[in-house]
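Enquirer: sequence first, then the predicted structure:
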Amino acid sequence: MLTAVTGINWGDEGKGRVIDLLAEKADIVVRYQGGNNAGHTVVTGHGKFILNLLPSGILHSKVICILGDGMVVDPEHLSKEIAQIREKGVLVTPDNLRLSSRATISMPWHRAQDELEESRLAKTGAAFGSTKRGIAYAYSDKYRKKTIRMGDLLHLDEPRIQARLKMMLDSKNLELSGCYHQERMSYPALLSWCEKQAALFAPYICDTGSYLEAALKNGKNVVLEAQLGAMRDIDFGIYPYTSSSNSISAFSTIGAGIPQCKLDECIGIMKAYSTCVGEGPFTCELFGDEAEELRKAGNEYGAATGRPRRVGGFDIVASKYGVRVQNATYIALTKLDVLSYMDKIPVCVAYEYDGKIIDSFPSGKVLNKAMPVYEYLDGWKEDISKCRSYSELPENARKYVEYIEKNVGCKIKYISVGAERDALIEK
Ligand code: GDP
Ligand code: MG
């Protein structure tokens, strides 16, 4: 069974907690894109875990976790993240963590470039709102063929790899010293950095694509985990306010290194309201007290950065698009409990531009100028965090769920009403 779990909205929908749940029945969980700019929160009996690089299956000792081909991996960050979760008693060994030999390495200069460019832009008020973890720079160097992959760490003594490292370093030093007046990095320093990462990670690095293909042939359950929502996909999202990779389900098998395998299902994670981190068009955005109350109720502050998230009502136009472009089989609707305080629940049912109503997700100028059309549904005004079956939910909560289901055009199978593992309803 091959299942992709992807975000339907702008990210932070609660993918981590849903994958943690699915991991109970999974054999393998694979992260297929992005880097350590992810912030997936999982709450277990052992406390709260924020995962940046590691797949959200890592908290289940029997699950094998993979960082797939499509990822960019900052090995220094990976070391820290592993150390942090080991401290909380989670086992991480080459038996339950595998790193794809084809994954791109995020080099120390990628983070530096991200920081330097962001501060340069900030001087003119044009900063991008990057997480400054070097992801865009690592991906662009992947496409410029000017970085190395995890598997290359196993062959640092080969003249071919050494020549590549020298070529990359020359080019990077030109950029860093020429454009940003930084000190040049020496080749021995670079080689020693690579050797250090190789010593740490060699036992984890392998051909994870072949491993996955064989596992699927043997009937294993494999979950492919997205890092961000559809709106952040570099091609299908709100470019340029996107991530630097493809997060949608169609890329999941490619990023896992198994493009010959067909997905059995795609579970779309959709939040009961909207949030968006950083810049970019966010048509359904709410402001003022209405926004502040929702942000507080949902504790909407970035897991990786602590930044306050922009908030809005549920956005039917964007969510319908997120479902369509990923061919979602069904939906897990998260954080319904957060709306319990509302008398009337705002839902963005359409966009308006130039006097016309738009109900399919636009791009470019129309998206940038579109205004939301809001309708209000009746709230339920009671605590639903203890509900564990659909029938226990108040009638207005059920009406809200069914309204969304109908308008988005996809079945809702799970509803979460709290961050804890058991705070979940199967519809
Ligand atoms: P991800 O990036 O998609 O994995 O989502 P994040 O972890 O960034 O954000 C989701 C946040 O909501 C986390 O803090 C979760 O602990 C929390 N959360 C997840 N599901 C629920 C829920 O059903 N109710 C509430 N109140 N919080 C939830
Ligand atoms: Mg997140």
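Expert: Nice, I can see it. This is a predicted model, so every value here is computed, not measured. Ligands and ions are numbered 1, 2, ... in the order given.

Enquirer: list the contacts of the nearest residue in space to His40 that is not next to it in sequence.
Expert: Once flanking residues are discounted, His40 sits nearest to Gly16: 2.9 Å by C-beta to C-beta, 6 or more residues apart in numbering. Quick note: C-beta positions are derived from backbone N, CA and C, even for glycine. Listed by C-beta atoms under 8 Å, 6 or more residues apart in numbering, the contact set of Gly16 reads 40-42, 51, 56.

Enquirer: okay, strands next: where are they in the stretch 201-350 of the chain?
Expert: Assigned by DSSP state E, counting those that start in this stretch, the stretch 201-350 of the chain shows strands spanning 205-206, 222-229, 265-271, 274-276, 310-312, 314-315, 330-334, 344-353.

Enquirer: each with direction, which strands does the last one pair with?
Expert: What it means is strand 344-353. Paired with strand 344-353 in the same sheet, following DSSP bridges, are strand 314-315 (parallel), strand 356-358 (antiparallel), strand 371-378 (antiparallel).

Enquirer: what's the closest of these to Tyr204?
Expert: strand 314-315 (39.7 Å; C-beta to C-beta).

Enquirer: next one: the closest residue in space to Phe236 that isn't next to it in sequence from ligand 1, what distance?
Expert: Computed as C-beta to C-beta, 6+ apart, the closest residue to Phe236 that is not its neighbour in sequence is Val325, at 5.1 Å. For Val325, the distance to ligand 1 equals 17 Å [C-beta to the nearest ligand atom, to the nearest Å].

Enquirer: Val325 and Met231 touch, don't they?
Expert: No: when contacts are counted by C-beta atoms under 8 Å, Val325 is not listed as touching Met231 (10.0 Å).

Enquirer: when those two are compared, which one has more neighbours?
Expert: For Val325 and Met231, the more surrounded residue by other C-beta atoms under 10 Å is Met231, and the numbers stand at 30 against 20.

Enquirer: quick one: furthest residue from the center of the chain?
Expert: Ranked by distance from the centre of the chain (C-alpha atoms, centre = their mean), the top residue is Pro159, with 36.7 Å.

Enquirer: tell me the spacing between it and Leu165.
Expert: 11 Å (C-beta to C-beta, to the nearest Å).

Enquirer: hmm, back to that, can you redo the strands paired with strand 344-353 as JSON lines with mean neighbour count, distance to Leu191 and mean pLDDT?
Expert: Converted to JSON lines, the strands paired with strand 344-353 look like this (neighbours: other C-beta atoms under 10 Å; distance: least, C-beta to C-beta, whole Å; pLDDT from 0 to 100):
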{"stretch": "strand 314-315", "mean neighbour count": "28", "distance to Leu191": "49", "mean pLDDT": "98"}
{"stretch": "strand 356-358", "mean neighbour count": "13", "distance to Leu191": "55", "mean pLDDT": "97"}
{"stretch": "strand 371-378", "mean neighbour count": "15", "distance to Leu191": "54", "mean pLDDT": "98"}
